[in-house]
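Q: got a predicted structure plus its sequence, pasted below:
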Amino acid sequence: LTQAETGEPLAFALKALLAYGSLQGESDQSKKQAALDSFKGYANKTRESAEQLLKTDPLRGNLYIAVGNFLEGVYVVSTEGVIRGTPQALSKLQQAFKNLDEAEKIDAKDPELNLLKGYIDLLLAVNVSLPLSSPTQAIERLEKYASPRYLAYRGLALGYRDLNQPDKALQAINQAIAAAPKNPELFYLKAQILVRQGKNQEGIALFEKALSQKDQLPSGIVTQIQRELTRTQRRVQNVGR
C-alpha cells in the first residue's frame, strides 16, 4: 500500500479497512479513538480521490465514490451508535447505491465492480434487516463476473457461511485456497466453517496453520484467530470430560 499509485482510491479503502480491523480486541480507548480517526480519514480520502478519478475513469470513479460513502456510513454507526447513526448512514448508503448504479450502466460485467458490489450486497443482506440487497444476486455476481477469483470464492464462502450453508461454504473456500494457497486468512475462514460443522479438530489445525503465518495478517485478525482457537480447544476438552 505504501507503494500504491498516488491518488488510487483502492489503496485508501484498504488502509481504512486495516485501521478498522485494528479495533478488534483493542481495550485502550485512546488507541481505539486513534484507529477510528484514521479510519475516517482514509474513508474520506477514498471518496475524494474517486471524485477526481471520475474525470478520467467514470466506472472506477463511481465505484469508489460508492465505497467511500459506504465506509463513511460505517464510521457514523461506529461512533454514533445504531439508533442515532442510522439516518445519516442510510443517506450515505443510498448515495453509494446511486454511484454503483452509474458504474453498472457503464459495464455491468466489470470484474472489480462485481467483486465489490457482491461483497457489499452480501454484507448488507446478511447483517442489515432492510430490503437493500439480495444474497442470491450477490452470490450470482461473485460466481459469474467477479475477479480476482480467489477473492470471489472467499466472498462466496463468507456468504454461504452466514446463510448457514456450510457444505457450499466449504466448497467455495477450498476453491479460494486452490487459487491462493499461501493466504493464511483463507485457512482461518476454512477453520471457522469446519467448526460450524462440528469438525473441531480439523478447525484447530487450520487455526494453528493460519497463526503460523501471522506476520502476513493484521494484528486485529491475529487476536481474533487466537480467541477462536482457544474457544474451540476448550470445547474439545469439555467434550472429552
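A: Now that the structure is in, tell me what you want to look at.

Q: residue nearest the middle of the chain, spatially speaking?
A: Nearest residue to the geometric centre of the chain (Cα atoms, centre = their mean): Tyr119, 6.8 Å.

Q: so which elements touch the helix or strand hosting that residue?
A: Using DSSP states H and E, Tyr119 falls within helix 111-127. Applying 3 or more Cβ pairs under 8 Å, 6 or more residues apart in numbering; DSSP states H and E, we find helix 111-127 packed against helix 58-80, helix 82-106, helix 135-144, helix 149-162. Every residue, glycine included, has its C-beta placed from N, CA and C.

Q: related to what we said a few turns ago, from memory the residue nearest to the centre of the chain sits against Leu156, does it?
A: No. The criterion here is Cβ atoms under 8 Å, and Tyr119 misses it with Leu156 at 10.4 Å.

Q: ok, back up a step: flag every buried residue along the helix holding Tyr119.
A: 111-125 (16 or more other Cβ atoms under 10 Å).

Q: low-confidence ranges in the protein?
A: 25, 128-133 (pLDDT under 70).

Q: quick one: neighbours of the nearest residue to Val239 once chain neighbours are set aside, just the number.
A: In space, and not counting its chain neighbours, Val239 is closest to Asn200: 8.0 Å by Cβ to Cβ, 6 or more residues apart in numbering. By the criterion of other Cβ atoms under 10 Å, Asn200 has 16 neighbours.

Q: and stretch 231-239, what's buried?
A: 232-233.

Q: contacts for that stretch?
A: 195, 200-201, 203-204, 207 (Cβ atoms under 8 Å, 6 or more residues apart in numbering).

Q: ends of stretch 21-32, what's the gap?
A: 11 Å (Cα to Cα, to the nearest Å).
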